[in-house]
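Colleague: coords please:
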Amino acid sequence: MTEPRDPYEVLGVPRTATTSQIRAAYVRQAWRAHPDLHGEDGAEAMEALNEAWGILKDAARRQAWDAAHHVPSVNGVLGVDDLTDAQGRPFWTGAMGRPPGRSSGTVLDFGIYAGWSLGEISRRDRGYLVWLRDRPEAVAIQQEIERLLDPDAEKAPAPRRGVGVGLRWRPGR
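Modeller: Reported below is the predicted structural model:
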């Protein structure tokens, strides 16, 4: 197995960068390289970004990398406080940035789409709603998510008993 590239260089951050700065660099560069947006051209770059992020987001892995590559210690730069925001939420809360507008429905106060309404998320990333509907955090909004994922489901009438269900046409009757 080949040695991974210097994660600081891959993400374009200084060795003294905080986890928040590293995450911001990762998200910014992932938009530029993600294979879903840029096809096969971005696959190799995205792989390098994921490897670098995997090393630098974890305090223990970052410390091990720094020690193995003779990077001076940055005591106090990376700590538990750096993994949460000012409200004590995980650092990735709101990672998708400002909502695009035209909000409709419940606005999330957790996750990468914090501040976005379910309608905005539905228009941008339906896969997130599919993932979210089975999460314990979404129990209170599960029906709203289901309506967004399958808007025709509530419009279809429930089958009425005895009408078209289990009946056969018999000639001469």
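Colleague: any regions of this protein where pLDDT drops low?
Modeller: 1-4, 38, 70-94, 154-173 (pLDDT under 70).
Colleague: for it, just list every one of the helices.
Modeller: 7-11, 19-33, 35-38, 43-56, 59-68, 118-124, 126-132, 142-149 (DSSP state H).
Colleague: the last one - contacts with which helices or strands?
Modeller: Same thing as helix 142-149. helix 118-124, helix 126-132 (3 or more C-beta pairs under 8 Å, 6 or more residues apart in numbering; DSSP states H and E). All C-beta spots, glycine's among them, are computed from the backbone N, C-alpha and C.
Colleague: and those as a markdown table, adding mean neighbour count and distance to Gly54?
Modeller: Output for the helices and strands packed on helix 142-149, formatted as a markdown table (neighbours: other C-beta atoms under 10 Å; distance: least, C-beta to C-beta, whole Å):
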| stretch | mean neighbour count | distance to Gly54 |
| --- | --- | --- |
| helix 118-124 | 19 | 25 |
| helix 126-132 | 15 | 20 |
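Colleague: nearest to Glu47, of those?
Modeller: Nearest to Glu47 among the helices and strands packed on helix 142-149 is helix 126-132; the distance by C-beta to C-beta comes to 20.6 Å.
Colleague: give the other helices and strands that the closest one contacts.
Modeller: Against helix 126-132 (3+ C-beta pairs under 8 Å, 6+ apart) you get helix 118-124, helix 142-149.
Colleague: for these, give me a markdown table that also has distance to Pro100.
Modeller: Listed next are the helices and strands packed on helix 126-132 as a markdown table, based on distance: least, C-beta to C-beta, whole Å:
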| stretch | distance to Pro100 |
| --- | --- |
| helix 118-124 | 6 |
| helix 142-149 | 16 |
